[in-house]
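J.: attaching a predicted model along with its sequence, questions to come.
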Amino acid sequence: MSRICVAKTYLAPRSALTCRHLASQTSVMAQTYLLFDFGPDEEKVQQARHKLESWKQAFRLDKKLQYKLERELSAAPGTAAAKPEPAKPEKRRSAKTKSKSKPKSDEPESENGGPVKLFVRLYFSGHERLSEQRWIDRIPTEEPFKSASPKVVRETEPGFADILKQFDTLE
């Protein structure tokens with residue numbers, strides 16, 4: 001009879017292990033957004049974009065550091081509506097006749113002189129909190145970002161849902 005009791009106690013824990021549903025091993029990754037308002041300064045926007053791209057490449061931050069630009073329309077819609085029609089054929093002709101060394105940053109500036117906002121998303125997993133905090137501290141202190149009135153929005157803050165929607169709608 002003692003053998004039966006031993007067998008029953010041995011089987012009970014095994015069946016408990018096979019019936020229990022374990023939690024997922026993947027944790028939710030925290031998102032933090034850094035917002036920068038560059039105003040109409042297209043040159044600083046391009047510097048910031050270039051610096052972010054170099055960081056992504058150098059530190060292998062492909063999915064962890066993403067950014068999007070929001071360009072607002074200029075204040076004078078009447079002149080902007082009349083201006084693009086004659087300007088487009090001139091640009092096409094001038095692009096064919098001129099050398100290709102002309103930077104592309106001049107074209108958006110001439111089309112749209114409105115303010116430009118840069119949204120940077122940091123998307124680190126739970127065990128990379130220190131790396132995330134270092135990037136949150138580093139990015140706003142670098143040169144093109146300093147003058148752009150940096151703002152940090154974390155998941156726990158009230159305006160996070162609006163920023164998330166806005167980031168997802170941008171291209």
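T.: Now that the structure is in, tell me what you want to look at.
J.: which other residues reach stretch 154-171?
T.: 30-33, 35, 68-70, 119, 121, 153 (C-beta atoms under 8 Å, 6 or more residues apart in numbering). For every residue, glycine as well, the C-beta is placed using N, CA and C.
J.: can you do 7 Å?
T.: For stretch 154-171, contacts defined as C-beta atoms under 7 Å, 6 or more residues apart in numbering pick out 30-33, 68, 70, 119, 121, 153.
J.: what's the answer for stretch 51-64, then?
T.: By C-beta under 7 Å, 6+ apart, stretch 51-64 touches 65, 67, 120, 122-124, 142, 144.
J.: gap between the two ends of it?
T.: End-to-end distance of stretch 51-64: 15 Å, with C-alpha to C-alpha, to the nearest Å as the criterion.
J.: what residues of that stretch count as buried?
T.: 52, 55-56, 61, 64 (16 or more other C-beta atoms under 10 Å).
J.: which parts of the protein are strands?
T.: 30-39, 65-71, 116-124, 151-154 (DSSP state E).
J.: which helices and strands does the first one pack with?
T.: Meaning strand 30-39. Strand 30-39 sits against helix 42-58, strand 116-124, strand 151-154, with contacts defined as 3 or more C-beta pairs under 7 Å, 6 or more residues apart in numbering; DSSP states H and E.
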